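In: can't give you the sequence, but here's the structure:
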C-alpha cells in the first residue's frame, strides 16, 4: 500500500486499492549531459495540471471517470545513481505486484531503466516502444555506463535483440546508428513512419511505452535539457500515443525529460501536463 500525494495530478487522487494506474515521480537528473533541471519536471507537470480540465476533447473522456492514484515523488539519493535506479525499481515492482500499471514522471531518461527492469521481471517477453529525439544507445558516455545517453543500451542488456522499437530518432553518434542498423533494435528516424506496422506485429506482447518529450520540436517544447531541431508536433505525438495505447497491452510507461528551468514561459510544462492527461486517459 502506497501513500497518497498531497499535491496530486488533477483528477488522480483516487483510492490505491481501486486504482488501475499509479502515478509517481522520479526527480533525478544527475547524468544530464547538457542543461540540467529535469529533476523538477514531475513537480511542474503536477502544478500545471491544476490549470487543466479533467475532460479531454481529444478522447471524449474524463479523468474523474477513471481511478488513478498519485503516490507523489520518490525521495531519491541524488548523488548515487545505482541507489536511484534501485528505488525506482522497487517502487515500480510494488505497483506491478499489486496488479497495477506504473506511470512514471521523470526526471531524466535514465530512470526508465529501473522501471523496465521491474516490468521485464513481471512480464517475460517485454517490448519497449521508445519515442525520442535521441537514440540513447551509447555503450557509455564519457566512460559512464549509467547515463541518460545510454539508457536504451542498458535496456537492451536486459531484453536483447528485437525488443526495442524506436521512433522519432534524429540525434546520436555514428556508432549508435551503426549498432542499431545491425538489427539490435528497430529504429525509425525523424517521425512515426511505420508505427502502425510495428503495432500490428506487437499485438499480444506486453509493452513498456517510454516517451522522451524532446521528441517534440523545440519550437513547441523548448523546456528540455537537450533540444533537437526537426522534431514532431504535439498532435503527432498524441496520435502516436493513442495508436499504441488503443491497440497494444501497455503494462508500464513513463514521460520524461521536461526541464522547467529551460523554459521561463512555462509552455513546455503545460504541454507535458496535457500530454500526461491524454496518456492517462488513453491507457
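Out: The structure has been received and is ready for your questions. Owing to the predicted nature of the structure, the values given are computational and were not obtained by experimental measurement. Numbering: from 1, shown residues only.

In: When you work out contacts or count neighbours from here on, use the C-alpha atoms and nothing else.
Out: Noted.

In: Spit out the contact partners of residue 21.
Out: With contacts defined as Cα atoms under 8 Å, 6 or more residues apart in numbering, residue 21 is in contact with 67-69, 100-103, 280.

In: can you do 10 Å?
Out: 12, 14, 66-70, 95-96, 99-103, 251-252, 280, 283 (Cα atoms under 10 Å, 6 or more residues apart in numbering).

In: Tell me where the model's unsure across this protein.
Out: 1-6 (pLDDT under 70).

In: The contacts of residue 21 in strands, which ones?
Out: 68-70, 101-103, 251-252 (DSSP state E).

In: Greatest separation within the residues you listed: which pair is it?
Out: 70 and 251 (16.9 Å; Cα to Cα).

In: These two: who's more crowded?
Out: residue 70 (29 against 23; other Cα atoms under 10 Å).

In: Does the more buried one touch residue 43 like I think?
Out: No. Here residue 70 lies out of contact with residue 43, judged by Cα atoms under 10 Å, at a distance of 12.0 Å.

In: which residues sit in contact with the nearest residue to residue 89 once chain neighbours are set aside?
Out: Of all residues not flanking residue 89 in the chain, residue 114 sits nearest, at 4.3 Å (Cα to Cα, 6 or more residues apart in numbering). By Cα under 10 Å, 6+ apart, the residues touching residue 114 are 82, 84-93, 151, 155.

In: and which of those is nearest residue 199?
Out: For those, the nearest to residue 199 is residue 155 (19.8 Å; Cα to Cα).

In: Near that closest one, how many other residues are there?
Out: The number of residues near residue 155, taken as other Cα under 10 Å, comes to 21.

In: Repeat that for residue 267.
Out: With other Cα under 10 Å as criterion, residue 267 counts 16.

In: Cheers, nothing more for now.
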